[in-house]
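> Let's see this in three dimensions:
(2 chains)
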Amino acid sequence: MSVARKARHLVWTRRTVQTVALVLFVVLLAANRPTTGLAPDAPVALFFDLDPLVMVGAWLSTHTLAGASLLGLVTILITLVFGRVFCGWFCPLGTLHNLVGSIRDQYRRVTIRVEKYSRWQRAKYYLLAALLVMSLTGANWLGILDPFSLLYRSLALTVIPAADLAVGAAANAIYLGDPHLGALHLRDLTEPFYTWWRNNVTATELRVFTGAGLIFLIFVATLVLNLVRNRFWCRYLCPLGGLLGAFSVRPLLRLTSDADTCNGCGECTLGCPAAAQPEQPDQWLATECFGCWNCVDKCRNESLDFTWRRPSRQTSTGSLDLGKRRLLTATVAGLGGLALMRLTPQAHGQTYNPGLIRPPGALAEREFLQRCVQCSLCMQVCPTAALQPAWHQAGLEGLWTPVLVPAIGYCEFECHACGQVCPTEAIEPLPLAVKKKVNIGLAVIDTTRCLPFAYDRECIVCEEHCPIPTKAITFELRETVLRDGSMRTLKFPVVDPDLCTGCGICETKCPFQDLAAIRITSAGEDRHPGNQPVLASRDSNQENYGY
Amino acid sequence: MPGPDRRVFLKTTALAGGALLLADPVALARSALAAEPPAAMSIARWSEGALATADLTTMATRLTEAAIASVGGMARFVSQGDVVWIKPNIGWNRRPELAANTNPDVVGTLVRLCHEAGAKTVKVGDHSCHPARQAYRTSGIAAAAEANGAQVAYLDQRRFVDTKLAGRRLDTWPIYAEIMAADLVINVPVVKHHGLTGASVAMKNYMGVIGGQRNAWHQNMAPCLADITRFMKPQITVVDAVRVLTAHGPQGGDPNDVQLRGVVAAGTDIVALDAFGAALLGHEPQEIETIQAAADRGLGTLDFQSLAPVESTLS
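Predicted structure coming up:
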């Protein structure tokens, strides 16, 4: 087969693989919708298992490795052989950037601009170095910039809710307005689609997430940057790209060019999304190249080809020249950033944020932050939208980590899905029977608002919803004097701290929707021995409800 | 007072004159012999001696069939081509054994009977307290309804429409549009203890057709339930007491709170059926404020025995 034909085939194969990977990413995201409250059947964390950045980050911060994350080694092995093909062939975020880049090229009217290699492309390595230093010292911020975390978070917390809002608004307007022409009802067309949508995409009532706007803007910004430079994110910023770049200093498969047939037309450069300098036979940048084969495909003289080389042989550019001083600066910046984030009383257990309620099974805060990669799989699978991305509750260090907000949703008694899908076991995969007994907080009654206490009214909604079979919230009958002096017996709620797990349904369902009259705080959470106001009954951990 | 609407008129006519057209010779003979309106209430019981050994699916199915047959059969309520909404209690993400939701086989049987009576579409749905997907699934109701060809309807929060109840306590309240659009709503509650009201039966089950801030009803439950019951104009209520939740209701969760009773009752008087349910829980109906208030409003009778319920014992 001629080089041109081979390149043509490989380019189309790559596009197919990219499409499949992107579709798979979205399918696995939809498979993680909250249908059952149990672990989804599909391998919903697959992409994160394959992500070597997640693996390296967890290893650096916890000095342990979770079993499935060892799949990241496969990615590294492939990179050692083929270079950064992960970026060029597989990464769904890269594929989205490719799409935006192609659209740009289709509609660009001005002269085509040659995008030369920029030394700023080294930024991603410095960023990676800073993040890895932070991980090593226990603050896992990798997920803020990890491409899979970024894409998952953006889709699950912003794009899908926005689409659901739009689809639901349109479908409901058509349903309720019922526009029709004779016996032809528009809703007969829209309802089957809406039913399909609700069954297969969302599976819940509309779920929206705190601060989705900024997460969405960041996502859109990474896409728009393709207008400045093709695959700007992948070239300049992506820490996973940096990590894989570091592993592709001497790949076995390398671009070679035939100086005799090259006429220096530069077509290959126009096709290169990575600014890897295919046009300069001696200066091809193995650490930047995505292995996409565009350059080989573009070359009319068949001067370029990827060929096998022994690893002992240096690449034309030698090694990754990052500069010791710059690397040191990045390291210091990482440590400095970490120190600044840690300089809070909360980071040192001197105080506990009452609003920092973590999902059941979440490790103690320090270990939790070491593991969580801000991917939002737990938020996507939570049936009540109780799990929300943290903004302030856990400090800057805990940005976008999951926090349970009972004013929005509650921890469903018969559900343990968040721990089952967590790719890094920041939330332990507890069996359901164990999860039911995990204390994540404690309910407290605000008698200045609670209806029977403050307004002489019957209510007891909290008692009705308390899921503990023998009820952590009970009521006592007490007489109260009404305004006209008469006596009335009312039901007053009482919380049993030995039974309350802090699931939060009482707060969610309280008639006060602005500031509930019964609220959960993190007090009593099992994960922190220092946050235990109530002396636990001696055998509270040995109870067995028998269900 | 609004007069009887066209549907009621048509049904009455169909019942009075159309008996001759019925294919079922037994029903024909019965109506010809008795020449009196079908019973207002029926109670089907599983014989107590056989309770412990019975297969619960068979029991629930046969009890439901018997209860419906004894109030004149489903064709008394369902007309050809009707859209029927079956409204069980699917409030909670709880297994059938815990009796927090209506028995799935009672629901499934009703779906089948509706189809047999000529219903075009049978929808099953409730405004759950817990996440609906989980509650529908765990309760077994989604599977039972689907197996019998019903549409399992997951409610959409955006489809509750402000509706004039013109009640004594409530003027307007958001009601689920699709339920109001149905030709017939079959209320199928389970008999449960309830912390606030003492007993939760059929009228309390109507809280699953309303939206809005329904938890505020707790402040004045009795008149609110009377208002919604009057608005819903119940035609047929089927009470599931195959298993009864006797404490820690309405959600339960402790198997020790569940009693196997093996009873299904049906009828046209929702207050009488609520009174019957309260009695199963060991209450005098008058003790339950919501039931007493509905009787005071003239929505039905507390004395269900006065309706001479047709009782049958199965085994």
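
> so where do the helices sit in chain B?
Along chain B, counting by DSSP state H, helices occupy B:6-17, B:25-34, B:56-70, B:104-116, B:132-138, B:141-147, B:177-181, B:202-205, B:221-232, B:270-280, B:289-296.

> Ok, which of the ones you listed comes nearest A:L223?
Nearest of the helices of chain B to A:L223, taken as C-beta to C-beta: helix B:132-138 at 32.4 Å. Any C-beta I mention is one placed from the backbone N, CA and C, and that applies to glycine too.

> Residues in contact with that closest one: which ones?
Contact partners of helix B:132-138, identified using C-beta atoms under 8 Å, 6 or more residues apart in numbering or on different chains, comprise A:34-37, A:203-205, A:383, A:412, A:414-415, B:90-95, B:101, B:126, B:128-129, B:142-143, B:152, B:154-155.

> Could you save the helices of chain B as TSV and add columns showing mean neighbour count?
Below are these laid out as TSV (neighbours: other C-beta atoms under 10 Å in any protein chain shown):
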stretch	mean neighbour count
helix B:6-17	12
helix B:25-34	13
helix B:56-70	22
helix B:104-116	24
helix B:132-138	24
helix B:141-147	21
helix B:177-181	17
helix B:202-205	30
helix B:221-232	22
helix B:270-280	27
helix B:289-296	22
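
> Could you identify which of those helices has the lowest mean pLDDT?
Per-segment mean pLDDT for the helices of chain B reaches its minimum on helix B:25-34, at a mean of 53.

> Give me the number of neighbouring residues for residue 75.
With no chain named, the answer covers chain A. Look at A:T75: counted by other C-beta atoms under 10 Å in any protein chain shown, it has 22 neighbours.

> sorry, should have said chain B
Neighbour count of B:A75, defined by other C-beta under 10 Å: 22.

> Now do it against chain A, distance only.
Going from B:A75 to chain A by C-beta to the nearest C-beta, to the nearest Å gives 27 Å.

> Mind telling me which residue of the stretch 351-500 of chain A is nearest chain B?
In the stretch 351-500 of chain A, the residue that lies nearest chain B is A:P469 (3.3 Å; C-beta to the nearest C-beta).

> For that residue, which three-state class applies?
Using DSSP: H, G, I helix; E, B strand; the rest coil, the secondary structure recorded for A:P469 is coil.

> A:V296 contacts A:T307, correct?
No: taking contacts as C-beta atoms under 8 Å, A:V296 lies outside contact range of A:T307: 10.7 Å.

> who's more crowded, these two?
The residue with more neighbours, out of A:V296 and A:T307, is A:V296; 24 against 9, by other C-beta under 10 Å.

> where does that one land on pLDDT?
Note for A:V296: predicted pLDDT of 94.

> what's the nearest residue to the residue nearest the centre of chain A if we skip its chain neighbours?
By C-alpha atoms, centre = their mean, chain A has its centre lying nearest to A:C375, at 1.9 Å. Nearest residue to A:C375, sequence neighbours excluded (C-beta to C-beta, 6 or more residues apart in numbering or on different chains): A:S149, at 4.5 Å.

> Now name the helix or strand holding that neighbour.
Using DSSP states H and E, A:S149 sits within helix A:147-154.

> ok, now A:V403?
Per DSSP H and E: A:V403 is located in strand A:402-404.

> Are the next helix or strand after that strand and chain B in contact anywhere?
Remark: after strand A:402-404, the chain's next helix or strand is helix A:417-421, criterion DSSP H and E. No: using C-beta under 8 Å from any C-beta of the partner chain, helix A:417-421 stays clear of chain B, with a minimum separation of 10.0 Å.

> just checking, what packs against helix A:417-421?
The contact analysis (3 or more C-beta pairs under 8 Å, 6 or more residues apart in numbering or on different chains; DSSP states H and E) places helix A:417-421 against helix A:377-381.
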